[in-house]
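>>> A structural model of the following input is requested.
(2 chains)
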Amino acid sequence: MTLPSDYLDYPRRRHGQDMDRYDWQMAKDRSPAKLANGKAVAVMMVVNCEFHPINPANNPFRHPAGMVTPYPDLRHFTSRDYGNRVGVFRILDALRAEGLKATFPVSAALLTRARPLIEAIINDGHEIAGAGLHGDAIHWSGLEHDEENRRVEAVRAAFTAAGLNPVSWMSPARQQSFATPDILTAHGFTRTLDWESDQVPVALRTANGPLTALPVHNELEDFKLLIERHQSEALWRDQILEAKDFLAAESAGRGAAVLGFTLTPFVTGQPFRIRALREILCALAGDETVWCAGADEIAKAFGQTDR
Amino acid sequence: MNPDPNLYDYWPYRDRPKIVWPGGKKLAFWIAPNIEFYEFQPPANPKRPGWPRPAPDVVGYSQRDYGNRVGHWRLMELLDQHSLKGSVSLNVAMCDHCPEIIEACAARGWEFFSHGIYNTRFSYEMDEAQERAMLDDSIRTVEAATGQRIRGYLAPALTHTPRTLDLIAEHDFWYTCDLFQDDQPQPVKTKTGRLVSMPYSLEVNDVITYGALAMDPWRYGDILKRQFDQLLEEGEASGTVMCIPLHAYLVSQPHRVRAFDQALAYITGHKDDVWFATAREIAGFYREHCWDQTLADIAAKGCATGGSGFQGETT
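Residues are numbered from 1 along each chain as shown, chains lettered A, B, ... in the order given. Now for the predicted structure:
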């Protein structure tokens, strides 16, 4: 057995990353960010509202929150739907009680199906972001460029038809192709929640101008901690607040930071989890170093180009 | 196949018409012991093996038999102490295998609903005649054993066909526990009948809490109290439903009974606000008093889409 001889060629072995979307820079070497409002921690809560079809193609993989059992998987279809019908309203109520703002990535499929939800998000003053067509419309490098372009075009058209003009984007399952950043900016999406490369927003180079990557911490995802890793609500709460306190302390030398994490409606919106959410929100609202805002507003505050 | 099976309309959980449960109560509480039989040598289903391991799966089989030999009695005594009646999710073959348990539940005035024949006989790939035969068997068997006409359904091992809900509605079932989209009941869009989706939580189900989420007994007890507190608080605006689904082979283990006992003591300490009911009582009340106002509210919010479930797939 032997590998091809070029397996030991390293054409992109060089200083910095092996791709060109952004330049290499260590956090310690950048000039500390200072926000106009003087806050140390910009908290970006991401309430991801995805529609998960009961007949998924699962191509090239099953969305982590997608269907599980053979068709018709009523169990998972309705459990996910619970989030967009019931759980998300608990999250909205909890945010409203503390006067905090968040970002709501929404599947295009929900714009007509769940119109009252869309109105509630807007009326409560949150940012709406695009979340692809639906949870099973995964962007990946096996997609033809034209097909991926058609998908983003269709998402843009659906939001326009709904009277909305989102600039932020979260990919289904946070999966991208090599071309996704270029296609997003071609259709007016200038912020993405898919890349977690830094503690501050980072401008990605695309064929149509910059795309701001706002970090969402994979290691603080509610679905991952509470469902996949079986952690308790108390531990989930404590880890988010620990991150907040650490970043506030670190900001003295490193400058302001972004703390991004998900509040998935079918996970965090369960009745027995709302108390922990309220405790998180109460701690955020009561901390003078913290500013909670939508993705686009945070990007602007960190000096990222406005469209 | 459609991405959305259209079994119910989207209905936002805000500003809903007020439900007031009998006696002015805010929360309808019911408890669902699953009384199940898993076969030692189940036949193969093309979509799912009877057991995760090759038969005989002696560890899995004997744990479930422990539930039947030891666990159900513990649960019955516990529910007696708290003056609670179970609504039994029944693999109806239990009427033949372990009639002592069925008689003891019936003597307590517990309700029975069908959870299929065996938990190792799945609905996948059944034709219409086979699924009808399973429903007829369920109705006949429980009636012969207890005198009760069953009104509720939870598909065996949560396995369905596109026809399932139409068929149970046609058989004059009042409620299905197969849908998890809400904490309030809602009309299901079946071709005939008046079928209600009954909240039967997967999230606080012991299969999920002890199995999938690997909780310890005290966290399980804490979760039940938190679930109860939140749903009771919301029940002030419009009555909610809380169900605790149970499996004796899980919740009745010796290290878990007392934590559950304490959670039940907490819940039953709220008698002024809570309607302790069976699923049939909740469904019956809902069909009579809340069905029309729900449909009117869905229509008023522009969410009524018409049609029925699995259109084009159930001919």
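
>>> which secondary structure state does B:Asp9 sit in?
At B:Asp9 the chain is in coil, as set by DSSP: H, G, I helix; E, B strand; the rest coil.

>>> for it, list the residues it contacts.
B:189, B:298, B:303-305 (CB atoms under 8 Å, 6 or more residues apart in numbering or on different chains). From N, CA and C alone the C-beta is placed, and that goes for glycine too.

>>> quick one, which of the residues you listed are buried?
B:189, B:298, B:303 (16 or more other CB atoms under 10 Å in any protein chain shown).

>>> between the residues you listed, which is nearest chain A?
The closest of these to chain A turns out to be B:Cys303 (CB to the nearest CB; 6.9 Å).

>>> what about the closest one, is that helix, strand or coil?
coil.

>>> what segments of chain A are helices?
Per DSSP state H, chain A carries helices over the ranges A:74-82, A:88-98, A:109-113, A:115-123, A:145-161, A:180-186, A:222, A:233-254, A:265-268, A:274-285, A:295-301.

>>> what does the stretch 51-200 of chain B give?
Using DSSP state H, counting those that start in this stretch, the helices found in the stretch 51-200 of chain B span residues B:58-66, B:72-81, B:94-97, B:99-107, B:128-146, B:164-170.

>>> for B:Ala277, which of those is the nearest?
helix B:72-81 (13.6 Å; CB to CB).

>>> how far out from the middle of the chain is that closest one?
19 Å (CA atoms, centre = their mean, to the nearest Å).

>>> neighbouring contacts of that helix?
B:31, B:33, B:35, B:85-86, B:101, B:104-105, B:108, B:246, B:248, B:251-252, B:257, B:260-261, B:264.

>>> cutoff 7 Å now
For helix B:72-81, contacts defined as CB atoms under 7 Å, 6 or more residues apart in numbering or on different chains pick out B:31, B:33, B:35, B:86, B:101, B:104, B:108, B:246, B:248, B:252, B:257, B:261.

>>> now do the same end-to-end measure for stretch B:107-122.
Stretch B:107-122 stretches 30 Å from its first residue to its last (CA to CA, to the nearest Å).

>>> any buried residues in that stretch, and which?
Buried residues in stretch B:107-122 (16+ other CB under 10 Å): B:110-122.

>>> work out the gap between it and the centre of the chain.
10 Å.

>>> and stretch A:150-165, by the same measure?
That offset, for stretch A:150-165, works out to 18 Å (CA atoms, centre = their mean).

>>> flag every buried residue along that stretch.
For stretch A:150-165, by 16+ other CB under 10 Å, it's A:151-152, A:155-156, A:158-159, A:162, A:164.

>>> not counting its neighbours along the chain, what's nearest the residue nearest the centre of chain A?
When CA atoms, centre = their mean is applied to chain A, the residue found nearest the centroid is A:Leu193 (3.9 Å). Nearest non-adjacent residue to A:Leu193, counting by CB to CB, 6 or more residues apart in numbering or on different chains: A:Met170, 4.1 Å away.

>>> hmm, that neighbour is touching A:Val47, no?
No: with contact defined as CB atoms under 7 Å, A:Met170 does not count as touching A:Val47 (10.5 Å).

>>> ok so, going back, quick one: the buried ones among the contacts of B:Asp9 as JSON lines, columns for distance to chain A and pLDDT too.
Listed next are the buried ones among the contacts of B:Asp9 as JSON lines, based on distance: CB to the nearest CB, whole Å; pLDDT from 0 to 100:
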{"residue": "B:Lys189", "distance to chain A": "13", "pLDDT": "98"}
{"residue": "B:Ile298", "distance to chain A": "10", "pLDDT": "98"}
{"residue": "B:Cys303", "distance to chain A": "7", "pLDDT": "97"}
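
>>> look up the closest residue to B:Glu236, ignoring the ones flanking it.
Here the residue nearest B:Glu236, using CB to CB, 6+ apart, is B:Lys26, at 5.6 Å.

>>> rewinding a little: for the residue nearest to the centre of chain A, phi and psi?
phi -110, psi 20 (degrees, to the nearest 10).

>>> ok, it to A:Gly294 distance?
From A:Leu193 across to A:Gly294, the span is 11 Å (CB to CB, to the nearest Å).

>>> just give the nearest non-adjacent residue to B:Leu27, would you?
Nearest to B:Leu27 is B:Gly235, by CB to CB, 6+ apart, at 4.2 Å.

>>> about what we covered before: among the buried residues of stretch B:107-122, which are in strands?
Cross-referencing those against strands under DSSP state E gives B:111-114.

>>> out of the residues you listed, flag the one nearest to B:Glu288.
Set against B:Glu288, the nearest of those by CB to CB is B:Glu111 (17.3 Å).

>>> wait, isn't that closest one in contact with B:Ala277?
No: taking contacts as CB under 7 Å, B:Glu111 lies outside contact range of B:Ala277: 9.5 Å.

>>> burial measure for A:Ile274, as a count.
Close neighbours of A:Ile274, defined as other CB atoms under 10 Å in any protein chain shown, add up to 23.

>>> what sits against it?
A:90, A:94, B:230.

>>> out of the residues you listed, which is most surrounded?
A:Arg90 (24 neighbours).

>>> can you pull the residues of the stretch 1-150 of chain B lying near chain A?
Contact residues (CB under 7 Å from any CB of the partner chain) of the stretch 1-150 of chain B with chain A: B:1, B:3-5, B:10-14, B:47-48, B:124.

>>> of the residues you listed, buried ones?
B:3-5, B:10-14, B:48, B:124.

>>> which two among these are spaced furthest apart?
Pairwise distances across these peak at 38.1 Å for B:Arg14 and B:Arg48 (criterion: CB to CB).

>>> follow-up on the earlier one: the residue nearest to A:Leu193: neighbour count?
Neighbours of A:Met170 (other CB under 10 Å): 27.

>>> same check on A:Ala179?
Count around A:Ala179 with other CB under 10 Å applied: 17.

>>> for it, what are its contacts?
So A:Ala179 contacts A:145, A:148 (CB under 7 Å, 6+ apart).

>>> now with 10 Å?
Counting by CB atoms under 10 Å, 6 or more residues apart in numbering or on different chains, A:Ala179 touches A:139, A:141, A:143, A:145, A:148-149, A:186, A:206-207.

>>> surely B:Ala283 meets B:Tyr200?
No: contact criterion CB atoms under 10 Å: B:Ala283 and B:Tyr200 do not qualify, at 11.4 Å.

>>> mutual contacts of these two, please.
With CB under 10 Å, 6+ apart, B:Ala283 and B:Tyr200 have common neighbours B:113, B:152, B:175-176.
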